[in-house]
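*Asks:* sequence unavailable; structure follows:
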C-alpha cells in the first residue's frame, strides 16, 4: 500500500461530529458527473429532490465523454425493431449469463435486461439521438449508424447458447459519440434542476454516529468544504485503472495493459470513499481488456498462437474477449500468423511484424519451439481446406488454409501491442443501487453506479455494458436516493 | 450478497459507546487459535502483555491442525544445513519473487526470507521437533523426514531463475504433522501465560470514536460478550473458502474446487471483521488450487492436454501449480494422456479412466477435436525420442515417447477429480502485521496474520508458505500488539 502521506484519506469516513460547518446542503449529493452521475441527477431532480453534483474536473463528462458512447441494450428496443432485428429479454439474459461468467450476478443481469428497452426510450426522451440504421461490420462504425454487434453473440460457443442480436446502441454522430451523449445528459440534468459544482474534488464521505452517510468532505481550491446530504449520496466517480497502487493490490493482472480506457479521474477515489464508509469492494481483480487486432477484418483469417505455438481461441472473437484471453490466460505472449493472401497491418493494435518464406522459417524467426507452429498450421490447414474448424469453431467465412508464401507473424504481445483496459470491480450494490457492506446489508444513505460499482461483467465484457449500466443504475440510484 | 438476516454482522464494527459492559479485558486479544494465533499469543505474552485468545471451537488448532504441518523456510536454516543443502536469503527471495507473481509484495517477501532461518530456530525452541533427514520424492513423505521440496524450484522456468533448494520443513511425525505442530505451539502459548477461551465465537470488532480498535464483540453460548483490548487485537481467524457467498463475490474462479483445504472456521469472519473496522481486503480472488495428480510419479511421464487436445504445462510441475493452471486457465477441462508403460491410477486425484488401442481412438473416446491429440502426441514423441521437450521443458527423467498401446486418458476435469483449494486473499497488512485501510494507513490497534491477511503468494503457491507466514507474521503481530 502507498505511503499514507502521499495519498488522499478517502478510505476513512469523516465523523459528522468532526464537520466544522456545512458549506452547502442538498437532498441528494452526486459525486462525479459522468454518465452515471448525470443520469442519477436527472432522476433525483425529476423526483423533486434538490440535487447537487460535485465534479472534480472543470467540466463534466467523465470517461464516457472520451469514449465511443456505445450502450449495450436489448430485449427488443425501439432501435432494434426499427432496424429489423428481433430480440427478447430472455435471449439477452441468456447471452449475458453465458458471457459474464463465472458466477455472474443473475439478479442484476435480470434487472438490466428487463429494463433495457424502456431505458433506451428514456435516453431518447432526454434528447439523445439514434439513427435507425444497422452497421454490419465487426468493428466500430465511423459513420452515424445506430446499431451494431459489440460482443461475442456470433462467436462460438455463445452463438449456440443464445439467439444472436445486435445490441450495441450508438448515438447519432460520426466518429466517437461519447461527448455528444454526455452533452445531452448534462443538459437534461440542468433542465431537471440539478446544480453542478465543478473543480470540486471529493475526499471522503461523512457518517453520523449510527453509520448513516450524511455528506461529503471535498476540497475546492485547496480549501476544505463540507456538503450535507439530507437524503443520500450517490457515488459515480469512475473506476480505478489509473491508480497504480490499487491496480497493484487488487488487480495485478491488469498491469501490463499499456493503454487505459479511462480518464485521470478513474483513480479509485469513489471506491475508496465507499470502503471508508463500510462498503464492500468485490471482484476487484476483474477488468475489461481489449486487443483491437482488427480492423482490417482480413486479419481474422489468420490464426492466433501463444508462446508454445498453439492456438487458443477462434480468431473471429470479439476484441474484448481476445484481449482477456491473450493477456490473462496466455501470459500476454501471442502472435497472429498470416499468409500472403490475408496479411495486412492492424489499424489500431500496433505490434511487431516478422516474415518467413516457410512456416518453419517463420517459427524460427519469432522464436517458437521447433515444430510447434508447423504442427499447428498443418492441423488448421487440414480442416480449413474443408471449410471446417472443429478445434475452435471459427465461422466458415474466416477460414482459409494458410499456404501462400511468404508468411507473416504480427507479434501482439503485451509489450509490443495496444491492450486497452479498465476495471470492472467496485462497490457491491443491489438492484436498488444501494451500496452493501461485507455482510450484504445496505450502508444507509449510500448509493453507487457506473464503474464505482462492481459490474455485471466479471469478466466477459461486451462493449456498451459500462455506459449501459452507468445510465440505468445511475437513474435507479438517483431515484432511490431522492426517495430515501 | 447474502440476506443480511442470515449472516453475522461482522462487517460492521460496534461503537465502543454501544458496549453495555466489558466482560473481561486483556492487553492483547487474539481472535483464533490456529498457527498464527498461537504464535501471536506466545510472543505477546513473552513480551509481558496479558493475552486472551478467543477461539470458536472447543479446542484450538485451526486449519493447521488438520494439515500436513509443512512450513516453507530457507535462506540456510539449521535443518537445511544439517541435511547438506546450501541456500541463501537471496536465492529464496529470487524464487519467491519469480513464483509469487504477478506484482508480488516484494517488501513482505524480503521480510519473510530474511527472518526465515531465525524463525525456524524459534520453532525448535518452542518444542517443535524436526528430523534432519531429506525426503527426495516429489510428494509428501509418509515418514518422519524433516526436509523436502514443496514448490516449483526444480521446474522450468523457475529452476533457471533461482538456485533450487528444498525448503519444505516438516515436524517429525509419521503422516500428517499439523496436529503435533499445533499441540506444541498451544502448549508454548500456555506456558508463556496466555489465557485461552474456547467456544467463543467472535462477531465484530469494537472501535472507539477515533477509530481505534479497542475490543471484540463475541457470542458465548448464545449470549453477547464484550472483551476489551487495552493495547491491540490480532485477527487470526483463517481464510474464507468455506463461505459460499464470499467465494461467489470475491473469488468466483475457485467455486469449482470441490475439496476445501480448510476447516469450517474458514468462513471469512476475521476478514469481514477487519473490513468492518476499515481494513482493506486485497487480492481476494486469489487461491491455492492443488491437483494431486501424482503420486505415483510415473504419471509425470504422460502429457496433460486441455479440451482442444493441446499441452499447457510441463508435467513435472508442482501439484499446486498444476491445479492453478488447469482450473483457472484451462477452464478446468484437462486429461492426462498415458501409454501402457506409464499408466497407473492416481493415488489421490480420482478422475475418470478411458482407453484406446490407438491415439486416434483415444481422441474420439474422450471427445477431443479430430486430429488434435494425434498432432500433439506426434510432436511430443518426436522430441521425447531425443530426450528433449523444447515446448514445455519437462525434465529429461520424465520424458518418454508415448508409443506403447493401449493408450489411456485420465479425465482430471474439475467435475471428475479432486481439486483442493483455499483462499490467499485477505486483509492488507504491512511487515509489522498492522492492518491497513484503503489508503494504506494502519487501522489503529488492529493486526492480522495467517490466512486472514493477504498472502505473499498471489498466486503461485508453494506449500508451506501458509503456515510459514502464519507463524512468522503471527509472532510479529503479537509482539507489535503487545508494544502498541
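*Replies:* Alright, I've got the coordinates. In this text, all values refer to a predicted model and were calculated from it rather than measured experimentally. Numbers count the residues shown, from 1 in each chain, chains lettered A, B, ... in the order given.

*Asks:* quick one: secondary structure of the spatially most central residue of chain A?
*Replies:* The centroid of chain A falls nearest to residue A:466 when counting by CA atoms, centre = their mean (4.2 Å). Assigned by DSSP: H, G, I helix; E, B strand; the rest coil, the conformation of residue A:466 is helix.

*Asks:* any idea how far chain B is from it?
*Replies:* 20 Å (CB to the nearest CB, to the nearest Å). C-beta here means a position set from N, CA and C on the backbone, and glycine is covered the same way.

*Asks:* residue A:34 now?
*Replies:* Residue A:34 is 21 Å from chain B, where distance means CB to the nearest CB.

*Asks:* give me the pLDDT for the closest residue to that residue other than its chain neighbours.
*Replies:* Excluding the flanking residues, the one nearest residue A:34 by CB to CB, 6 or more residues apart in numbering or on different chains is residue A:62, at 2.3 Å. Looking at residue A:62, its pLDDT stands at 95.

*Asks:* and for residue A:62, the neighbour number?
*Replies:* Neighbour count for residue A:62, taken as other CB atoms under 10 Å in any protein chain shown: 30.

*Asks:* residues contacting it?
*Replies:* A:32-37, A:182, A:236, A:238, A:263, A:265, A:450 (CB atoms under 8 Å, 6 or more residues apart in numbering or on different chains).

*Asks:* now, which of those residues lie within helices?
*Replies:* A:35-37, A:182 (DSSP state H).

*Asks:* can you redo these as JSON lines with pLDDT?
*Replies:* Shown next, in JSON lines, are the ones in helices among the contacts of residue A:62 (pLDDT from 0 to 100):
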{"residue": "A:35", "pLDDT": "98"}
{"residue": "A:36", "pLDDT": "98"}
{"residue": "A:37", "pLDDT": "98"}
{"residue": "A:182", "pLDDT": "98"}
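
*Asks:* tell me the two of the residues you listed that are most distant?
*Replies:* Of all pairs drawn from those, the greatest distance, 11.2 Å, lies between A:36 and A:182 (CB to CB).

*Asks:* what about the helices in the stretch 101-250 of chain A?
*Replies:* A:106-114, A:116-125, A:158-161, A:178-191, A:244-250 (DSSP state H, counting those that start in this stretch).

*Asks:* ok and the residue in the stretch 201-350 of chain A nearest chain B?
*Replies:* Residue of the stretch 201-350 of chain A nearest chain B, by CB to the nearest CB: residue A:252 (3.5 Å).

*Asks:* tell me the pLDDT of that residue.
*Replies:* Value for residue A:252, per-residue pLDDT: 93.

*Asks:* surely it meets residue B:282?
*Replies:* No: counting by CB atoms under 8 Å, residue A:252 does not reach residue B:282; the two are 9.8 Å apart.

*Asks:* quick one, grab the pLDDT at the residue sitting furthest away from the middle of chain A.
*Replies:* Residue farthest from the centre of chain A, counting by CA atoms, centre = their mean, is residue A:357 at 41.0 Å. Per-residue pLDDT puts residue A:357 at 98.

*Asks:* check the one 3 residues further on too.
*Replies:* Predicted confidence (pLDDT) for residue A:360: 98.

*Asks:* do the same with residue A:140
*Replies:* 70.

*Asks:* secondary structure class for residue A:289?
*Replies:* Secondary structure assignment for residue A:289 (three-state DSSP): strand.

*Asks:* give me the contact list for stretch A:329-343.
*Replies:* A:256, A:293, A:298-299, A:301-307, A:312, A:315, A:326, A:344, A:351, A:362, A:366, A:368, A:373, A:377, A:400, A:402-415, A:419, B:329.

*Asks:* show me which of the residues you listed are buried.
*Replies:* Applying 16 or more other CB atoms under 10 Å in any protein chain shown to these, the neighbour count classes A:256, A:293, A:299, A:301-307, A:312, A:315, A:326, A:344, A:351, A:362, A:366, A:368, A:373, A:377, A:400, A:402, A:407-414, A:419, B:329 as buried.

*Asks:* can you tell me which of these end up in strands?
*Replies:* Secondary structure from DSSP state E places A:303-306, A:407-411 of these in strands.

*Asks:* for the residues you listed, which one is nearest residue A:455?
*Replies:* residue A:304 (25.9 Å).

*Asks:* where does chain A have low pLDDT?
*Replies:* A:1-8, A:138-139, A:484 (pLDDT under 70).

*Asks:* and residue A:386, how many neighbours does it have?
*Replies:* Residue A:386: 10 neighbours (other CB under 10 Å).

*Asks:* quick one: contacts for the residue of the stretch 201-350 of chain A closest to chain B?
*Replies:* Residue A:252 touches A:285, B:101-103, B:283, B:458, counting by CB under 8 Å, 6+ apart.

*Asks:* ok, now which ones touch residue A:155?
*Replies:* So residue A:155 contacts A:314, A:316-318, A:321, A:395 (CB under 8 Å, 6+ apart).

*Asks:* please report how far it lies from chain B.
*Replies:* Residue A:155 is 15 Å from chain B, by CB to the nearest CB.

*Asks:* within range of chain B, give me the residues from the stretch 251-400 of chain A.
*Replies:* A:252-253, A:255, A:271-272, A:275-276, A:278, A:280-286, A:308-311, A:329, A:369-372, A:375-376, A:378-379, A:382-383, A:390-392 (CB under 8 Å from any CB of the partner chain).

*Asks:* which of those residues are buried?
*Replies:* Looks like these have A:252-253, A:271-272, A:275-276, A:278, A:280-286, A:308-311, A:329, A:369-372, A:375-376, A:378-379, A:383, A:391-392 buried, using 16+ other CB under 10 Å.

*Asks:* just these: which are in helices?
*Replies:* Those of those lying in helices (DSSP H): A:271-272, A:275-276, A:372, A:375-376, A:378-379, A:383.

*Asks:* just the closest of those to residue A:156, please.
*Replies:* Distances from residue A:156 to these, taken by CB to CB, are shortest for residue A:383, at 14.0 Å.

*Asks:* the closest one contacts residue A:393, correct?
*Replies:* No: Residue A:383 is beyond contact range of residue A:393, at 10.6 Å (criterion: CB under 8 Å).
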